[in-house]
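Trainee: based on what follows, work out the 3D shape:
(chains A, B, C, D, E and F)
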6 protein chains.
Amino acid sequence: MLNIKRALVICAHPDDEVLGLGGTIKKLTNQGTEVNVVMFANGNEGYRTLEEKDRIVEIRRKEREAVQQLLGIRHYETYKYNDFAIPADETTYKICLSAIRTYRPDIVFTHYWREYNTHKHVASVVSDAFWQAGWTCSLDLGEPWKARALYHFEVIDLLSEVSHIVDITDTFEEKMNAMRAYASQCDVVSGALQQIEGRALMRGSQAGLRYAEAFVKNIHRPEIIR
Amino acid sequence: MLNIKRALVICAHPDDEVLGLGGTIKKLTNQGTEVNVVMFANGNEGYRTLEEKDRIVEIRRKEREAVQQLLGIRHYETYKYNDFAIPADETTYKICLSAIRTYRPDIVFTHYWREYNTHKHVASVVSDAFWQAGWTCSLDLGEPWKARALYHFEVIDLLSEVSHIVDITDTFEEKMNAMRAYASQCDVVSGALQQIEGRALMRGSQAGLRYAEAFVKNIHRPEIIR
Amino acid sequence: MLNIKRALVICAHPDDEVLGLGGTIKKLTNQGTEVNVVMFANGNEGYRTLEEKDRIVEIRRKEREAVQQLLGIRHYETYKYNDFAIPADETTYKICLSAIRTYRPDIVFTHYWREYNTHKHVASVVSDAFWQAGWTCSLDLGEPWKARALYHFEVIDLLSEVSHIVDITDTFEEKMNAMRAYASQCDVVSGALQQIEGRALMRGSQAGLRYAEAFVKNIHRPEIIR
Amino acid sequence: MLNIKRALVICAHPDDEVLGLGGTIKKLTNQGTEVNVVMFANGNEGYRTLEEKDRIVEIRRKEREAVQQLLGIRHYETYKYNDFAIPADETTYKICLSAIRTYRPDIVFTHYWREYNTHKHVASVVSDAFWQAGWTCSLDLGEPWKARALYHFEVIDLLSEVSHIVDITDTFEEKMNAMRAYASQCDVVSGALQQIEGRALMRGSQAGLRYAEAFVKNIHRPEIIR
Amino acid sequence: MLNIKRALVICAHPDDEVLGLGGTIKKLTNQGTEVNVVMFANGNEGYRTLEEKDRIVEIRRKEREAVQQLLGIRHYETYKYNDFAIPADETTYKICLSAIRTYRPDIVFTHYWREYNTHKHVASVVSDAFWQAGWTCSLDLGEPWKARALYHFEVIDLLSEVSHIVDITDTFEEKMNAMRAYASQCDVVSGALQQIEGRALMRGSQAGLRYAEAFVKNIHRPEIIR
Amino acid sequence: MLNIKRALVICAHPDDEVLGLGGTIKKLTNQGTEVNVVMFANGNEGYRTLEEKDRIVEIRRKEREAVQQLLGIRHYETYKYNDFAIPADETTYKICLSAIRTYRPDIVFTHYWREYNTHKHVASVVSDAFWQAGWTCSLDLGEPWKARALYHFEVIDLLSEVSHIVDITDTFEEKMNAMRAYASQCDVVSGALQQIEGRALMRGSQAGLRYAEAFVKNIHRPEIIR
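Mentor: A predicted model of the protein is given here:
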């Protein structure tokens, strides 16, 4: 699953990529895989005090840049959607379709389709785009590209089914550090660090590992065995 | 479940609150619980003749005021959405989040998530807002407030699973009167009065009661037992 | 099921009506049933080369006219939505509600509710409109009309449950010809002709027929037996 | 749906046929349709006092005979399974397959597949037998017979989806009388008469009728339209 | 939920009660609630070496007795079913029904209905018995008893939905000790102690607690609010 | 998926292995993979005339031997269950667990869990055994063996979700021949040869292939990525 050249992560908010698959990203970049991230929201709702409101977007932008360094992410392609205002429409769909054709990933990662509305919208447009990016259509968004597989990660809700568990024992500490770099969110997302530790231990124990992250493979477009 | 100080009902159209939980509202207000209602639509499609079209919004506004008296509802916070035009977007989401922080209810009631599109949209934004209202975020919408529970009521479709059945034997007649106050809708919603009676008898018979209303508790945010 | 005077097909893109139920449409028109089609999208994304981009909408319009002749469709009521931009909103909902009241069909056909986003949106507004068209409401969209049944056809994904299988052995060749008339799409929809043949053979074999098309009846509004 | 020569009801316990479709049975026999019932259990657990325990099977046998008269059922093919001991195994499966080939019904009625265990077992073997009875196999159980359709009725739990609602306004009183004939069960099944009334009113109100019974059509073997 | 006099746990194998709700049992007995356990299997398959095979049932019996002391369980009502041979039949059903009427619990706990076969069978007969124990039937199994609620705990698979999270911070260490008392199973259930810790941390982090156990309430018989 | 040393197929009836994955078996044996089959039923219900009844088990045994030659299957481990009498119990479970430990397959194939009862029972015990075979338990059934993956094939019903599509263009003719070798069943399973062709064409067209077979991977035990 991870023996690949390029991976693309498409997520909603600054910190979803860390909570969902920070350990796997670091594992990938450590081995030389190119990892790019498309992120829709600017983080505008995550202020802890009213006086922080006007600065929060800028604060999170800087935090994101630190995370980019920590995890070795190549490009963060970011958009200016408000946190609660990412629709599943033609624009977001084309952003995904275009990104897949631009970055030509072997594997795409995105949100789980049963989470709350904004995450669900992202999961929905990525699922369609993942599949349609390989068709001979919409050519001004780039040459058709068939990524091999699409995986969903867990941020808020546990996956109700898990197809793959990735060992992140070696990169767990860097996942924690990346979350610490999103310092403004450690209070908003209640107990973010404990959540990361508990979940990683629990996912690990399901596979005889110390720390792990869980994924479910999207099977809308089946794998073809020749 | 009903031993509470304040309840908040969030619904789509004028009459949904009566069809769904009119008996429970009256039971609550009788015992001194404060009940507030947020209502999105203006009722513009519910005219019975073309000549009534331009007056229907005003007709339903007056009907709603009568219902407020009958059921003892404190505030009806109403919006001007057209009946078929309530989206699940940032604006409706923030209306819900803000209302929960303003009215600080112990319990929130809303539509069931398997009904038709407009009801589904309301159920969807309320479910997210119920949960996020308790987070340290979006503080200009009010202080974080954790309501204890969210319940879904049934208007068009039967709940496919029911977690609570509330005895409305003592307030059934007032529920019928409230529906009669929505006189313009008794013909549109075919057989509204028979529907109320049949459903109340049926729900009652499931619990050894004369008349009842059914609810399903939302378990997105689990109850915490210390 | 098909012993009817009028049928209405509501679909997203030019070719969905052929892929989904081209054989059934021809079977209906052969026996004298009036068939009308409402189609939302203009086909703007289906170009095979960049130079074709500006002409594709016009190309597909002409192809659609040829299909109209081949299948004997009475009206093609077409809209100018971009291919990936058909929302489930008040406007598309009212288009459906109005069409059902205008064409007064015995049976309505539309997309399956588990397909990708644009098809899902169409399935969603048709399902609501099918049911609400019979109510005494929104009278400036026409007199209430209760169509007898709503069926969903399969275009991209197989139906996960099938309630009716229609023998199209006698009109299978014309279905193939109609697809050939959508010449611009035979390359975009990879292997469209093989897909039609394989699926028709497979659906036929489930019912002891040579070629067939599959449908699932929508049971939101139950059939009433007096 | 009901314009048929012969119907077969397959149920678990004495009174399920009345609770589930007593009104429909009477409606069918009134119009001259032959209705036969296969019933698995002897009713041994339905005693109201310990002293009644040894007599309950005989009591319910006599009650059943009275119901047969009241509803005009031709054959009651009864088995001696204990109430909680009806398995889904080869024997019960063959009883169903054989009954379908013997009575050659146009329509088969049985339990809903989401009820409690014994009802679920019956639903399960009937669903398989309904479909396999038409195959060229197991010929010593009779000549292959393809019944046209299989419907599930509701006894304990509401159907979570309903495809057909049958008007029983004219036979409702006889349904009530048939339940009264199962006098020993009116106390066991708490509030059986209110339950029948409430549910019939509610199902009626969903279709603009006074009293009705609800069914969901099984679509494992699709209807074939030639 | 836990402010009760008596609780009844019904499980399959010796150690399921610890893995599933050991912390909650201890929390209950600490506060004076009477907890009884019904356990079906003898543990015969859990041997780690062939030579241990003949002694494993006896080993696990002794381990269970130690756990009884550690957790303060009043009665362990045990049966001799082989580990892979617990059917959902009349006998197991009556064991559950009888136990509910004998121990008269406020709350019943059992397995989750989506686990593997033997756990699923137990979940299934308990769900039926929980509900039917309150009926006037099968009186030689004891006087009717309506327990207030039925909760499912998680042993092998995570609950796919969680309605209640119980704080076990104060009894976590005793849960670990109880698992250590099932020494023979700590190797069979791979990484049992890490699994307990990881899951407890993760469930805790979902509720702002250190350690927790998760449950889902069964809503087959709705709670009645008078 | 197919780059493996050993595969194990566990199925119910003689011909299920051909209908479900005859082309894949031949593809595997052609490349040198060892394929073994465990088959539960003796085929006793598949007689076409009453006079054939006593001979059908022997007929199908001989047909199976011919298929073994045609497809290059190494062992057919067969049991004497009657066709409609394969339970999901301790015995069938242990047969599966023991077979997995004996043949030590990289991949296990079995029925789909939504088919009719006997197929469902097999799917159920295989799913449990696949997972428990790797545990340190039940050691007299062999040394623990962790197969890499479990796939479900389709015989009667289409898979409602497909994770893998295998190209069988090169072995399609041998699949047809294997079905012809099950000559006694070509009439029982109505239109078996057309069914095979239609489904193979349809599955092929979903992947740009001529002929294919479809599978869904079981994700009860997730794949571990180190």
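Trainee: helices of chain A, residue ranges please.
Mentor: With DSSP state H as the criterion, chain A has helices at A:16-30, A:56-71, A:90-103, A:117-132, A:172-181, A:185-188, A:192-205.
Trainee: name the helix or strand of chain A that has the lowest mean pLDDT.
Mentor: When the helices and strands of chain A are scored by mean pLDDT, DSSP states H and E, helix A:185-188 comes last with a mean of 80.
Trainee: that one near chain E at all?
Mentor: No: contact of helix A:185-188 with chain E (Cβ under 8 Å from any Cβ of the partner chain) is absent, the minimum separation being 12.1 Å. (Glycine included, C-beta is placed from N, CA and C.)
Trainee: hmm, who's touching that helix?
Mentor: With Cβ atoms under 8 Å, 6 or more residues apart in numbering or on different chains as the test, helix A:185-188 has contacts from A:14-15, A:46, A:48, A:60, A:63, A:179-180, A:192-193, B:135-137.
Trainee: go again with 6 Å.
Mentor: By Cβ atoms under 6 Å, 6 or more residues apart in numbering or on different chains, the residues outside helix A:185-188 that reach it are A:15, A:46, A:48, A:192, B:136-137.
Trainee: turn the residues you listed into JSON lines, including pLDDT, neighbour count and distance to chain F.
Mentor: Output for the contacts of helix A:185-188, formatted as JSON lines (pLDDT from 0 to 100; neighbours: other Cβ atoms under 10 Å in any protein chain shown; distance: Cβ to the nearest Cβ, whole Å):
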{"residue": "A:15", "pLDDT": "96", "neighbour count": "28", "distance to chain F": "23"}
{"residue": "A:46", "pLDDT": "92", "neighbour count": "27", "distance to chain F": "32"}
{"residue": "A:48", "pLDDT": "90", "neighbour count": "16", "distance to chain F": "36"}
{"residue": "A:192", "pLDDT": "88", "neighbour count": "20", "distance to chain F": "24"}
{"residue": "B:136", "pLDDT": "88", "neighbour count": "16", "distance to chain F": "34"}
{"residue": "B:137", "pLDDT": "90", "neighbour count": "22", "distance to chain F": "33"}
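Trainee: between those residues, which sits nearest residue C:166?
Mentor: The closest of these to residue C:166 turns out to be residue A:15 (Cβ to Cβ; 51.6 Å).
Trainee: and that closest one, what is it in contact with?
Mentor: Residue A:15 makes contact with A:182, A:185 under the criterion Cβ under 6 Å, 6+ apart.
Trainee: before we move on, what about residue A:71?
Mentor: Residue A:71 neighbours (Cβ under 6 Å, 6+ apart): A:25-26, A:178.
Trainee: how about these in TSV, adding pLDDT?
Mentor: Shown next, in TSV, are those (pLDDT from 0 to 100):
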residue	pLDDT
A:25	98
A:26	98
A:178	98
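Trainee: only the buried subset of those residues, as a ChimeraX command please.
Mentor: Only the buried entries of the contacts of residue A:71 go into this ChimeraX selection, using 16 or more other Cβ atoms under 10 Å in any protein chain shown:
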select /A:25,26,178
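Trainee: out of the contacts of residue A:71, flag the one nearest to chain B.
Mentor: Taking Cβ to the nearest Cβ as the measure, residue A:178 is the one of the contacts of residue A:71 closest to chain B, at 20.3 Å.
Trainee: now, which of the contacts of residue A:71 lie close to chain B?
Mentor: Contacts with chain B are made by none of the contacts of residue A:71, judged by Cβ under 6 Å from any Cβ of the partner chain.
Trainee: looking at the contacts of residue A:71, which one is closest to residue A:75?
Mentor: residue A:25 (12.9 Å).
Trainee: now the closest one: closest residue in space that isn't a chain neighbour?
Mentor: Distances taken as Cβ to Cβ, 6 or more residues apart in numbering or on different chains put residue A:71 closest to residue A:25, at 4.9 Å, once the chain neighbours are dropped.
Trainee: could you pick out the longest strand of chain A?
Mentor: strand A:34-41 (DSSP state E).
Trainee: picking up where we left off before, least confident of the helices of chain A, on average?
Mentor: Lowest mean pLDDT within the helices of chain A: helix A:185-188, a mean of 80.
Trainee: give the contact list for the residue of chain A found nearest chain B.
Mentor: Residue of chain A nearest chain B, by Cβ to the nearest Cβ: residue A:85 (4.0 Å). Taking Cβ under 6 Å, 6+ apart, we find residue A:85 in contact with residue B:90.
Trainee: quick one: the closest residue to residue A:98 other than its chain neighbours from residue A:132, how far?
Mentor: Nearest residue to residue A:98 in three dimensions, chain neighbours excluded: residue A:141, at 4.4 Å (Cβ to Cβ, 6+ apart). As for residue A:141, its distance to residue A:132 is 10 Å (criterion: Cβ to Cβ, to the nearest Å).
Trainee: can you list the residues of chain A near chain B?
Mentor: Near chain B, when you scan chain A using Cβ under 6 Å from any Cβ, you find A:45-46, A:48, A:50, A:84-85, A:116-117, A:187-188.
Trainee: hang on, the earlier thing: give me the pLDDT for the residue nearest to residue A:98.
Mentor: pLDDT at residue A:141 comes out at 96.
Trainee: and it, what is it in contact with?
Mentor: Residue A:141 makes contacts with A:97-98, A:101, as judged by Cβ under 6 Å, 6+ apart.
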